[in-house]
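Chemist: Below: sequence and its predicted model.
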Amino acid sequence: MSTSQAEIAEFEEQTDRWFAENKPANPGFILPETFMEVGTDQQFEFLRNWQQKVYENGYVGMSWPKEYGGLGMDQVFQDIATKAMAKHRVPFLPNTIGLNWAGPLILAMGTEAEKSHYIKGILSAEDIWCQGFSEPDHGSDLGSAQCKAVKDGDEYVINGSKIWTSLGSYAKYMILIARTSTDGPNKYAGLSFFLAPMDAAGIEPRPIKKLTGEYGFCQTFFNDARIPASCMMGKEGEGWKVAMATLMFERGATGGQAGGLSMMDLSIDDIVELARRAKRNGKPAIEDPHVREQLVDLITEARGNGYMSAREKVPALATDWPSAVSMSGKLRATELKRRMCQFAISLQGANGARFVSPDAVDGGLWQRSYLNAFSGTIGGGTSQIQHNIIGERVLGLPKG
Amino acid sequence: MATIEFSEEQTMLMETAVDFCRKHSPLDRVRAQIEQPQGVEPAVWQEMVDLGWLGITVPEQYGGLGLSLADTVPIAESMGRHLMGSPFVATTLATQALIHCANEQQREQWLPQIAAGSAASIALTEEDGNWHLTEIGSHAQVQGEQLLLTAKKCFVLDAPEAEVIVLSAKVDGEARLIALNKAQLPEAALTRETVIDETRRSYTLSVENLTLPADQLLQGTDFASIEQAALLLLTAEMSGGLSGVLHVIIDYLTTRKQFDQYIGSYQSLKHPTVQILLSMEACRSHLYRAATCIAQGNSEEIEAAVRMAKAQGSEAFAFAGDRAVQFHGGFGFTYECDAQLFLRRALWCQYQFGDAAYHRNLLAPLLLD
């Protein structure tokens, strides 16, 4: 499929105009920055309506097949639309798990029936998806999942619990890893993968209060919950393989996502802009020599991260430890974000001590962003575990 | 969009330089060379000359290759990795000074010599350690066809080998550059300095009322380009040094046992080692971004790019050297341990041409206002 430059340019212009004209007005309440932070019904409805509008106007799922609800267009158009969303700083699309992980997985591995059944609802945000991978006792160690699924006739009976289920209270479906057997050759062999309906009796998502005082995810309890055996993705015992395929989508290593913004992006430019507005001792923070030096340092770090991906593409410049750049992406990005938010608070003088409220600078966005930034440095393997992984796999240091 | 470009020529130069430095500068050779008068064995220097490295940035009409300063980066980086001392960097900087500031006749006089293998050096810093290159006390007076020079310059690298030294001095209140021939230096003008990096050959140059032909006063005063070249090559040496010291650390962490465990298995050593790795990756990224800006003549970005590179690299390499000594425990406290070679090199690099705080201060208006 070839697309002419003229077509692309025209679409770029049209998309740019649409997002400029349709960017939702400030709702009057503080919006979450990622799907992991949706804490109130009000926030959720707002975001779901936004995704629905974006879908109805044809700006998400553009490269997904027409027969399931997509537009069957070239990926290049979706990339243009996603860029426009970032440029206009519109709200993110809340069905993150569906759009980026469950959807691509179903399109890649699902049956015809599954594709027809699930894909459209993912795009329109009618069917919200959540993820049931982590368990309370096995943070980053997915292979040790203990949540049990026992076959009984044409159903599986699920017992156990999953944690960090973002959007758990709003989700219609969960991508679930559960243990169907304990006598395999290794811990991975007994796992199976389900597309589980959240409305099944015995499934109870209980909201967890975060350090911000808000809600944003759940612990999901399974108490003799019965789900149809047909919900299984792949065969019994193949759960690890399916989960790994899902994680490839999660890490962005494989294409196929529906596109669209999945979180509000915080850049160093936002911090510089804040430093111009925020006051320290009666003067714009950006005039304080100490602030200036720290800003320069943060800009240097942020740009260094940007240059790394450019350098990685030159094989001659990625010698010695060639996987260092790609393996450290998450660690570098999330730690920088945490420190940028921490620094943003320091620009506010005594008002640094405020929290989400009308009197706070930007309504308390920075304080909340800082506390929420730990989801990045803890979730998906803590920064400390990342150091271990890089030390062992990249530098070849011995395991502890 | 920020790009990093690396040409075929650069790739080839890098391959040659990596092999060359590995072969000629293993750490025991580096140590043996410390005792010698010169920073590098004359035979090895001759090989560098034969490879054409001195002429890389010399324009073709003067017998050089006419390539960009960016093309010398892989060489300086490889030397840095193996702590190789040689007049290569000093010569390249003097070449840059001549390219940017000399008139046709002056270029004709010195550049062909350099391209043919003569070492050269620059003399910019003075006793007070001021990094602002135009705030200097050395001075010269033009008297008809003659120039009367009184100067005291410090940290003049490889001065005895240099056929020409480009030196800064105030002339009528303005900072200017003067090219000085070796033969014009009075006896005892050069005194060896004791510096922290023992692989360097650093000299004080002092002359009083030295008479020179006035046509040795360079026409231009482009101190900015000379500083940018110095920052780029210092960062290249630091980037290589970071990689070198990281190898020293990893060797020890994977062979030394304490309490029945390889010490690399302890997270208190493992995690900072990863930090060093990531800081080296950042340094290399800034380095080659700055080199790309210079190669493209991207004048809007060059200054910020080289200052960021030097600031980031200075701190990263000093941290790596510091931790390398600490991680070697009691052995690290001895002269015999190679960690000190890198720590001393890092301190040298940090304090030549501005430390991190100095450059951040100058970056602030470039990036924030």
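Modeler: Yep, it's here.

Chemist: Show me the domain layout of chain A.
Modeler: A:5-127, A:130-250, A:268-394 (automatic domain parsing).

Chemist: and the longest one, average pLDDT?
Modeler: Mean pLDDT, taken over the full extent of domain A:268-394, equals 93.

Chemist: Just the endpoints, please. Distance across it?
Modeler: Taking Cα to Cα, to the nearest Å, domain A:268-394 runs 28 Å from one end to the other.

Chemist: Distance from the chain centre to that domain, please.
Modeler: 18 Å (Cα atoms, centre = their mean, to the nearest Å).

Chemist: can that domain be found next to chain B?
Modeler: Yes: judged by Cβ under 8 Å from any Cβ of the partner chain, domain A:268-394 and chain B are in contact via A:272, A:275, A:286, A:289, A:292-293, A:295-297, A:299-301, A:303-308, A:310-311, A:313-314, A:316-317, A:320-321, A:324-325, A:328, A:331-332, A:384, A:387-388, A:390-392, A:394. For glycine as for every other residue, the C-beta is placed from the backbone atoms N, C-alpha and C.

Chemist: Throw the domains of chain A into TSV and include mean neighbour count, thanks.
Modeler: TSV is the format used below for the domains of chain A (neighbours: other Cβ atoms under 10 Å in any protein chain shown):
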stretch	mean neighbour count
domain A:5-127	18
domain A:130-250	19
domain A:268-394	18
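
Chemist: Please name whichever of these is nearest to B:Ser268.
Modeler: When the domains of chain A are compared by Cβ to Cβ, domain A:268-394 sits nearest B:Ser268, at 11.0 Å.

Chemist: How about the residues of the stretch 151-300 of chain B by chain A?
Modeler: B:243, B:250, B:253-254, B:261-262, B:264-267, B:270-271, B:273-275, B:277-278, B:281-282, B:284-286, B:288-289.

Chemist: How about the contacts made by the residue lying closest to B:Pro59 once chain neighbours are set aside?
Modeler: Using Cβ to Cβ, 6 or more residues apart in numbering or on different chains and skipping residues adjacent in sequence, the residue nearest B:Pro59 is B:Gly66, 4.8 Å away. Neighbour list for B:Gly66: B:57-60 [criterion: Cβ atoms under 8 Å, 6 or more residues apart in numbering or on different chains].

Chemist: Just the buried residues from these, in ChimeraX please.
Modeler: Only the buried members of these enter the following ChimeraX selection, criterion being 16 or more other Cβ atoms under 10 Å in any protein chain shown:
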select /B:57,58,59
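
Chemist: out of the contacts of B:Gly66, which one sits closest to A:Asp41?
Modeler: For the contacts of B:Gly66, the nearest to A:Asp41 is B:Thr57 (66.1 Å; Cβ to Cβ).

Chemist: tell me the pLDDT at the closest one?
Modeler: According to the prediction, B:Thr57 has pLDDT 97.

Chemist: and it, that one's in a helix?
Modeler: No: assessed with DSSP: H, G, I helix; E, B strand; the rest coil, B:Thr57 is coil; it does not lie in a helix.

Chemist: Looks like it contacts B:Ser68 (just checking).
Modeler: Yes: if you go by Cβ atoms under 8 Å, B:Thr57 and B:Ser68 touch, sitting 7.0 Å apart.

Chemist: For the chain, which segments count as strands?
Modeler: No chain specified, so I'll use chain A. For chain A, the strands defined by DSSP state E cover A:129-132, A:148-152, A:155-166, A:173-179, A:191-197, A:203-209, A:215-228, A:232-233, A:279-280, A:283-284.

Chemist: try again with chain B
Modeler: Using DSSP E, strands in chain B cover B:119-123, B:139-143, B:146-157, B:162-171, B:174-181, B:190-192, B:202-213, B:257-258, B:261-262.

Chemist: Mean neighbour count and mean pLDDT for the ones you listed - can I get that in JSON lines?
Modeler: JSON lines is the format used below for the strands of chain B (neighbours: other Cβ atoms under 10 Å in any protein chain shown; pLDDT from 0 to 100):
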{"stretch": "strand B:119-123", "mean neighbour count": "28", "mean pLDDT": "98"}
{"stretch": "strand B:139-143", "mean neighbour count": "16", "mean pLDDT": "96"}
{"stretch": "strand B:146-157", "mean neighbour count": "20", "mean pLDDT": "98"}
{"stretch": "strand B:162-171", "mean neighbour count": "24", "mean pLDDT": "98"}
{"stretch": "strand B:174-181", "mean neighbour count": "20", "mean pLDDT": "97"}
{"stretch": "strand B:190-192", "mean neighbour count": "14", "mean pLDDT": "98"}
{"stretch": "strand B:202-213", "mean neighbour count": "17", "mean pLDDT": "98"}
{"stretch": "strand B:257-258", "mean neighbour count": "10", "mean pLDDT": "96"}
{"stretch": "strand B:261-262", "mean neighbour count": "15", "mean pLDDT": "96"}
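
Chemist: can I get those in CSV with distance to B:Pro74?
Modeler: Converted to CSV, the strands of chain B look like this (distance: least, Cβ to Cβ, whole Å):
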stretch, distance to B:Pro74
strand B:119-123, 20
strand B:139-143, 37
strand B:146-157, 20
strand B:162-171, 24
strand B:174-181, 28
strand B:190-192, 30
strand B:202-213, 25
strand B:257-258, 37
strand B:261-262, 34
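
Chemist: what sits against residue 266?
Modeler: You didn't say which chain, so I picked chain A. A:33, A:337, A:340-341, A:369.

Chemist: um, chain B though
Modeler: So B:Tyr266 contacts A:Gly400 (Cβ under 8 Å, 6+ apart).

Chemist: doesn't B:Leu277 make contact with A:Leu395?
Modeler: Yes: taking contacts as Cβ under 8 Å, A:Leu395 lies within contact range of B:Leu277: 6.3 Å.

Chemist: so what sits against both of these two?
Modeler: Between them, A:Leu395 and B:Leu277 share the contacting residues A:Trp321, judged by Cβ under 8 Å, 6+ apart.

Chemist: Between these two, which is the more surrounded one?
Modeler: Each of A:Leu395 and B:Leu277 has its neighbours counted (other Cβ atoms under 10 Å in any protein chain shown); B:Leu277 has more, 26 against 21.

Chemist: I appreciate the help and will end here.
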